[in-house]
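Q: Kindly return the folded structure for what I paste below:
(chains A, B, C and D)
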Amino acid sequence: MSAPAKANYGWTREQMAQRVAADIQDGAYVNLGIGIPELVAQYVPAGREVIFQTENGLLGMGPAPMAGKEDPELINAGKKAVTAIAGASYFHHADSFVMIRGGHIDICVLGAMQVSAKGDLANWSTGEPDAIPAVGGAMDLVAGVKKVFVITEHATKSGEPKIVEQCTYPLTGKAVVDRVYTNLAIIDITPEGPVVMELAPGVTFDHVQKRTGTNLSLRTNS
Amino acid sequence: MSAPAKANYGWTREQMAQRVAADIQDGAYVNLGIGIPELVAQYVPAGREVIFQTENGLLGMGPAPMAGKEDPELINAGKKAVTAIAGASYFHHADSFVMIRGGHIDICVLGAMQVSAKGDLANWSTGEPDAIPAVGGAMDLVAGVKKVFVITEHATKSGEPKIVEQCTYPLTGKAVVDRVYTNLAIIDITPEGPVVMELAPGVTFDHVQKRTGTNLSLRTNS
Amino acid sequence: MIDKRAVSAAAAVADVHDGATIMISGFGEAGSPIELIHALVDCGAKNLTVVSNNTGSGRVGLAALIANRQVAKMICSYPRSANSMVFPELYRKGEIKLELVPQGTLAERIRAGGAGIPAFYTATSVGTVLANGKESRTFGERDYVMEHGLIADFALVKAEKADRHGNLIYNKTARNFGPIMCTAAKVAIVQVKEIVEAGELDPEEIVTPGIFVNRLVIVAKPAQESQLVKEDRSYP
Amino acid sequence: MIDKRAVSAAAAVADVHDGATIMISGFGEAGSPIELIHALVDCGAKNLTVVSNNTGSGRVGLAALIANRQVAKMICSYPRSANSMVFPELYRKGEIKLELVPQGTLAERIRAGGAGIPAFYTATSVGTVLANGKESRTFGERDYVMEHGLIADFALVKAEKADRHGNLIYNKTARNFGPIMCTAAKVAIVQVKEIVEAGELDPEEIVTPGIFVNRLVIVAKPAQESQLVKEDRSYP
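A: The predicted structure is shown next:
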């Protein structure tokens, strides 16, 4: 477990992952996407037991093995070496997607290229002509999992907003995102649009709104 | 293994079962229906290995256990105690019907109430108003198995033909029967209609035709 | 900490409500969760739709549930087994409904329900009365009927062993409908002979991963239906 | 006597014909039957349609088959993994076709093919470009697309152990697509580390019953794709 590094402002990736982990209830079945989402597994709060599924056929995924103990036949969806916890089980791909498509996974945590005001998600393709399209399990996850959490930097490296009115990249799914965790804020996608539920320390609502491509509202404690 | 009893004329049930068994190739995967078809397992010719599937979740069904060795959780589709051979496997019902519906079983051997000239089979319901309809796996078997063999007395106890122009009982499947083994003859269902391939010893074609509700032809050795 | 053990069979089925759809595992007596069914008899929920391959035998287990007039409708493939008299009697009197489904279609509908598949096509039953009223369609050169996925509010399932996560293994042909029913029910309630520590079941060998199981009840020595019928027992 | 052992990998794939559809197991390198794929490179069959989750890495295994210009079309969910360069290069040049399928839909299409189900409905991909041209339909309040079962002429699969009947067990997450591909191919060819006597595999533990397996090849010490790539090996 690496110590969260200090960011210039807002949350670090590790802090974002911690915030996601804090919102995962005891006993939940969770699928983590490749990239930042993988960090979430490190921050399950003490006293909670969370079971991680990886769609390539393992329920009860544990942390990475110690160096030298990797098994090329025990990997996660990102094709990295993992371990299996006590109480794990292996299954084939069709059974794995029974879990996913059938609505048995409580939460999936995914990265994003764009999220729209209505919860549309784009995270699989830039749609550029020379890109090699590759979708993996992303469309199955957003269609089948009970709650879809997105964890992402609030804007791209060049400063383009990732939370937008309409996605311009090809969609992974329509109206599928429940909550977005960024370095600046936690935002729920509600029937009334995106609502900022919490701001990172030192970050103002205006600061977030300026870096967002759609109108946000702020949660009112009523 | 019981010794075949002698019939007045034609084949006994045991001889019918023997004839069916003789037509099952080495290495075949076979599902046997309840009743006379169950006898077939006893007559696999020496030197051949046939694997029996029972749709309630066992591939590699062996003979009945010795008295006192019955396990109520090791039964066949007729709910009788069976054994499992070396090389057997257990699986759940959906996987069992992957084998059946998916065309992986080579042969099924079923009883019949009626078989039509076109190979329609009726073997699950009399269609009478007070009958309790019960279909089990019969419709799945005839729809999915590569070859459907019927083993049946040629006529009912009251002398009604069971091989008919059109079935009057509700169908199990349309144009599904490949071959019928009766106490009088072996009859192939061909695009040109039912063809007697072999007559039981001492039985004439006319004798069979008189007890049949549709026109038969006799195989010509051309 | 995940621990799916219920304090008793009664507690495990206590929230089964009137009008619920219940899947009950078993092929004949093999895999039939008699003790859970008897708890459901005690619970008294009525107007149930029951999905099970058969309708029970004698006056115990599923037959007792039907005899107690808790079942409005059966969805099954083979409602008349040896020693089955309760269902036939009520059915002839028009006091219970029957949806007859070919066995493989029943299994696939349950699997589809658990897999988030609302409908699929099968050649089974084409050209028969069981295809009446069903949408049909040609793929390639063959005709198929459309069948719908089945889901249930609860499943009552018998397995052999579990761990506290709800991972299950079964015994021989008692496996039958259990694994798919666990996937297709909102609440899967499973009776097992034994609950072992997490990690004691080989992860390669687990048939039902715990994600599909909600409640576990230990019945160390389950009754065998055929034995109860032979003794002419009835429940309650 | 049933004995599914082939004399060699070469003999096992000798009848793969030009234009065949081949399913190849594996998720990345885990479960990828490298030695069988290399035998297929030697066999030289061309104009193949390959169904596999990825497109291989480096210039060995599936990537070698593609590099050898034997594959006309890939049906897969994720054609660009780390170290995958052969497929991207040919794809950009328009020299290989791609049918991109969401991973769960790919798995379910294969399972449906093996199960005799010509088509089914899924919510996966609804509202995306991957649903373009697909029939859609509403069940309840939700939209679904229709997807078709997939079958193949041959499957090349890696498992852990077999018996002479073809019963199989797998190793950890190398199981992935193997079991369903065995069901969906007319001829399933499986490489295993070891073949044991019938009866040595626990019947409760067998993942692929022998009915789905046609040919067995022993590869006692299979190569690991990542190791070959690290060594910059290529095949042939």
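
Q: so the residue nearest to A:Arg219 when sequence neighbours are not counted is in which element?
A: Spatial nearest neighbour of A:Arg219, chain neighbours left out: A:Met197 (5.0 Å); criterion: Cβ to Cβ, 6 or more residues apart in numbering or on different chains. Any C-beta I mention is one placed from the backbone N, CA and C, and that applies to glycine too. For A:Met197, the host element (DSSP states H and E) is strand A:193-199.

Q: A:Ala21 too?
A: helix A:13-22.

Q: is chain C contacted by the following helix or strand past that helix?
A: Toward the C-terminus, helix A:13-22 is succeeded by strand A:29-32 as the next helix or strand (DSSP H and E). Yes - Strand A:29-32 reaches chain C (Cβ under 8 Å from any Cβ of the partner chain) through A:Tyr29.

Q: do the same with stretch A:64-78
A: No - judged by Cβ under 8 Å from any Cβ, stretch A:64-78 and chain C are separated, with a smallest distance of 10.3 Å.

Q: how about the CA coordinates for that stretch, as PDB?
A: Provided in PDB are the C-alpha atoms of stretch A:64-78 (Å, rounded to 0.1, in the frame of the first residue of the first chain):
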ATOM      1  CA  ALA A  64      -0.400  -8.600  -6.900                       C
ATOM      2  CA  PRO A  65       1.900 -11.500  -5.900                       C
ATOM      3  CA  MET A  66       5.400 -10.800  -4.600                       C
ATOM      4  CA  ALA A  67       8.000 -10.500  -7.200                       C
ATOM      5  CA  GLY A  68       9.000 -13.900  -8.500                       C
ATOM      6  CA  LYS A  69       5.700 -15.400  -7.500                       C
ATOM      7  CA  GLU A  70       3.800 -14.400 -10.600                       C
ATOM      8  CA  ASP A  71       1.800 -17.100 -12.300                       C
ATOM      9  CA  PRO A  72       1.100 -16.300 -16.000                       C
ATOM     10  CA  GLU A  73      -2.100 -18.300 -15.700                       C
ATOM     11  CA  LEU A  74      -3.400 -16.200 -12.800                       C
ATOM     12  CA  ILE A  75      -4.000 -12.700 -14.100                       C
ATOM     13  CA  ASN A  76      -6.600 -10.000 -14.100                       C
ATOM     14  CA  ALA A  77      -8.500  -8.300 -16.900                       C
ATOM     15  CA  GLY A  78      -5.500  -6.000 -17.400                       C
END
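
Q: can you pull the buried residues of that stretch?
A: Neighbour counts using 16 or more other Cβ atoms under 10 Å in any protein chain shown place A:Glu70, A:Asp71, A:Pro72, A:Glu73, A:Leu74, A:Ile75, A:Asn76, A:Ala77, A:Gly78 of stretch A:64-78 among the buried residues.

Q: On the pLDDT front, check residue 108 for me.
A: Going with chain A. Reading off the confidence values, A:Cys108 has pLDDT 98.

Q: The chain in question should be chain C.
A: Model confidence at C:Glu108 (pLDDT) stands at 98.

Q: contacting residues for residue 48?
A: Since no chain was named, I'll use chain A. Taking Cβ atoms under 8 Å, 6 or more residues apart in numbering or on different chains, we find A:Arg48 in contact with A:Ile24, A:Gln25, A:Asp26, A:Gly27.

Q: look at chain C instead
A: C:Val16, C:Asp18, C:Gly19, C:Ala20, C:Thr21, C:Ile22, C:Leu65, C:Gln70, C:Val71, C:Ala72, C:Lys73.
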